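In: the following block contains a protein sequence and its predicted model.
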Amino acid sequence: MKGSQMDSRARCGSGIDVKTTYTGRYTMGFGVAPRTSHPRSRSSLANHAYQLHCSMGVHPLPGTMKGLKKGDHAAETAALIPKARAQAASGDLAGAIEALLALEKLSRLHNDLASLTTLVVEVLTLLHAHKQFTLLIEHVTLLCKRRAQKSQAIGKIVTTAIAFIPDAPTEELRVQLIQALRTVADGRIFLEKERAQLTQWLSQIKEKNGLISEAADILQEVHVETYGAMTKLEKAEFILEQVRLTLAKKDYVRAYILSKKILRRVLEEDNFEAAKIKFYKLMIEYDTHENNPLELCRHYQSIFSTKTLTPAEKSDALQHAMLFAVISPHSNLQQDMLHRLAREPLRLDLPAFDTLMKLFTTKEVIPFPLPIPGWDVAASSPIFQDPVRGAQWLEDVHTRTTEHNIRVSRISALVSNGSVYAKIDRPAKIISFHKTQSPEELLTNWSTDISELLRLVETTCHLINKENMIHKVNVNLSTPFTCGLFDSCKSTPLVSVTDALKSSVGFLSYQAQTGSIGHGQYMYLRFGRNDTSYFHHANLQCDNYTQVREPTVLAALPLQAQLLSTIADAAAPAQCPCSSCRPTCSNAPSNSSTHITFVSNPISIWDGFNVTLVAGVYSGIAVFAAALYWLHRHR
């Protein structure tokens, strides 16, 4: 019937009357013709589709079954569901499920999501209604593993099956169903919230059976802090369950790590009151084990600040915070906590604890037992009834009282015997420990300070002068010294070096390089920075430098002389060994045969001396000394 289309109604199998279409063409998927390598031919696929329709009670009449494209099976689904329910009620549950699965396959391949989700829910509902939980677990896995199963259908399967968990007749079946659903949800982001819920239920079952360690391990498999489908409150509650189980497991290190996942500022938001109280109670359990009274005080203070607490709960939290503030070792934070609690208005409703705060915030000796009316009632607080830490904490109250008295009495004794100076301003409640100095002590301290200051100034001036001598002082060499230096170059170059170093300014910028070149020595000298005013090695030129430009003369020189860049390179300035020429010291013009000129201006003794700098430094010393003397005089 290829190419022809017919519409009709037919009845077959279970007698379901439905309108359908059929064509000789049959393609898989979304209208894509099957490959020639497919084991079935086109005619066999068409026959298979025809038989598939008949097996579920739908007779495919000639029509438009031209490929399994997107279609609408809503009418078929609406007609099949009542028939399937009736068939299941008559005892043929397997036949009803088979018919639903057949139509589910067509809806899945035709991408009919509405019919697909309705059919998968109906399959699970029928199995649940007939108490077939074993088949229900099998079909949950079966439906989710079917080829090209849609994520919407998988989500509907999981949410529907979750609702059936409480109805399972035995705990074993509940665990199996939860495990199956967790396996389905594993790795699917759109089901991460459901998987977290299933994991928590499974953990609760393990905990109820006394398997605390297994329950904690199962719950730790889920890292809800990375889930985007859960709200902050849901994440916080889940993490709190993880902390609670790890504490029950006595795994205190992991419990502390998990608690760090919850930010304290998040707990201060609206609707987090219950989570906040639960969190700090768990932290109280942890810090009780760690014996950290100061942290316990902070936890109870945080609970006290919760708005939803009743007056009785607020009073209890405040009492615990005050007691732990007293028990905590002395520190700046502990003192700050004590004074903050001592200013809490609600303390006035607790006279015994109000007196306790006054005793420990006043710098007076405290007798023990504490002179507090009703202290026996406070000593019977649940804090001191703790089976592990109670006796130790009660002893710590005595210890903190003794430490407080030591701090007060020891300072008083030191002041009394003169070891420590103290001046008390009773109206202002201020004690000054700064002792007034005698004139002799004041003058001695002033003299010591001035000596240290002058030493620093002297060192600074020396360093400044050294830098000026090295980098900034202009050096002029006298004519007799320079001529004497180069007269001795031919025979005794080292004597020239010695003479230069003996001079008052020779060490400033002297550089020498000596080597055996021919029958004499080669010297490289540089003084000063200005070629026009001071001697520079570029001025050392030879009248007969052309001799080293001729090839025959160059070849006659030793190998070391031939390798010098100033001789081998024609473009380089000509420099000569001392044996090749002798500089003439005079003030001749530059166009004469003389190549070196000098300025007869020996260095002055005042070169490098900065009068302004020295005057400023000593003026500053005088002003500082006067101010220091006035300060000590009028103190």
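Out: Here it is on my side, so go on.
In: pull out the buried positions in stretch 432-449.
Out: Judged by neighbour count using 16 or more other C-beta atoms under 10 Å, the buried positions of stretch 432-449 are 442, 446. All C-beta atoms are positioned from the backbone trio N, CA, C, and that covers glycine.
In: send the alpha carbons of it over as CSV?
Out: Extracted C-alpha coordinates of stretch 432-449, given in CSV (Å, rounded to 0.1, in the frame of the first residue of the first chain):
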residue,chain,number,x,y,z
SER,A,432,49.1,55.4,86.6
PHE,A,433,52.3,53.2,86.7
HIS,A,434,54.5,55.9,85.2
LYS,A,435,57.0,57.1,87.9
THR,A,436,58.0,60.8,88.0
GLN,A,437,61.7,61.1,87.4
SER,A,438,64.1,63.1,89.5
PRO,A,439,66.2,65.9,87.9
GLU,A,440,69.3,63.7,87.9
GLU,A,441,67.5,60.9,86.2
LEU,A,442,65.9,63.2,83.7
LEU,A,443,69.2,64.8,82.8
THR,A,444,70.9,61.4,82.5
ASN,A,445,68.3,60.2,80.1
TRP,A,446,68.4,63.4,78.1
SER,A,447,72.2,63.2,77.8
THR,A,448,72.0,59.6,76.7
ASP,A,449,69.4,60.5,74.0
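In: make 55 the first number, not 1, from now on.
Out: Noted, 55 is the first residue going forward, which turns the last one into stretch 486-503.
In: next, give phi and psi for residue 479.
Out: Main-chain dihedrals, residue 479, degrees, to the nearest 10: phi -100, psi 90.
In: correction: residue 349
Out: Torsion angles, degrees, to the nearest 10, at residue 349: phi -70, psi -40.
In: quick check: nearest residue in space to it, chain neighbours excluded?
Out: Closest residue to residue 349 apart from its sequence neighbours, by C-beta to C-beta, 6 or more residues apart in numbering: residue 341 at 4.4 Å.
In: could you do residue 249 as well?
Out: Per C-beta to C-beta, 6+ apart, closest to residue 249 is residue 239, 3.8 Å.
In: which residues are contacting stretch 166-186?
Out: Outside stretch 166-186, the residues that touch it by C-beta atoms under 8 Å, 6 or more residues apart in numbering are 124-128, 130-131, 135, 138-139, 142, 147, 150-151, 154-155, 157-158, 160-162, 187, 189-190, 193-194, 197, 204, 206-207, 210-211, 214-215, 218, 221, 223.
In: which of those are buried?
Out: Buried members of these, counted by 16+ other C-beta under 10 Å: 125, 127, 130-131, 135, 138-139, 142, 147, 150-151, 154-155, 157-158, 160-162, 187, 189-190, 193-194, 197, 204, 207, 210-211, 214-215, 218.
In: what stretches of the chain score poorly on pLDDT?
Out: Low-confidence segments of the chain (pLDDT under 70): 55-124, 427-434, 463-464, 468, 472-473, 524-664, 689.
In: quick one: the strands in it, in order.
Out: Counting by DSSP state E, the chain has strands at residues 62-64, 72-74, 477-479, 484-486, 570-571, 574-575.
In: OK, contacts around the closest residue to residue 298 other than its chain neighbours?
Out: Residue nearest to residue 298 in three dimensions, not counting chain neighbours: residue 336, with 6.0 Å by C-beta to C-beta, 6+ apart. Listed by C-beta under 8 Å, 6+ apart, the contact partners of residue 336 are 294, 297, 298, 301, 309, 313.
In: from those, which would you call buried?
Out: Among the contacts of residue 336, those classed as buried by neighbour count (16+ other C-beta under 10 Å) are 294, 297, 298, 301, 309, 313.
In: keep only those of those residues that are in helices.
Out: 294, 297, 298, 301, 309, 313 (DSSP state H).
In: ok, of the buried ones among the contacts of residue 336, which one's closest to residue 435?
Out: Checking the buried ones among the contacts of residue 336 against residue 435 by C-beta to C-beta gives residue 301 as the nearest, at 22.6 Å.
In: measure how buried the nearest residue to residue 350 once chain neighbours are set aside is and give me the count.
Out: The shortest distance from residue 350 to any non-neighbouring residue, by C-beta to C-beta, 6+ apart, is to residue 378 (4.5 Å). Using other C-beta atoms under 10 Å, residue 378 has 27 neighbouring residues.
In: distance of residue 282 relative to residue 208?
Out: 18 Å (C-beta to C-beta, to the nearest Å).
In: contacts for stretch 682-689, please.
Out: Residues from elsewhere that reach stretch 682-689 (C-beta under 8 Å, 6+ apart): 490, 491, 496, 499, 500, 503, 504.
In: let me have the buried ones among the contacts of residue 336 in CSV, adding distance to residue 516 as columns.
Out: Below are these laid out as CSV (distance: C-beta to C-beta, whole Å):
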residue, distance to residue 516
294, 70
297, 67
298, 72
301, 69
309, 65
313, 62
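In: sweet, I'm off.
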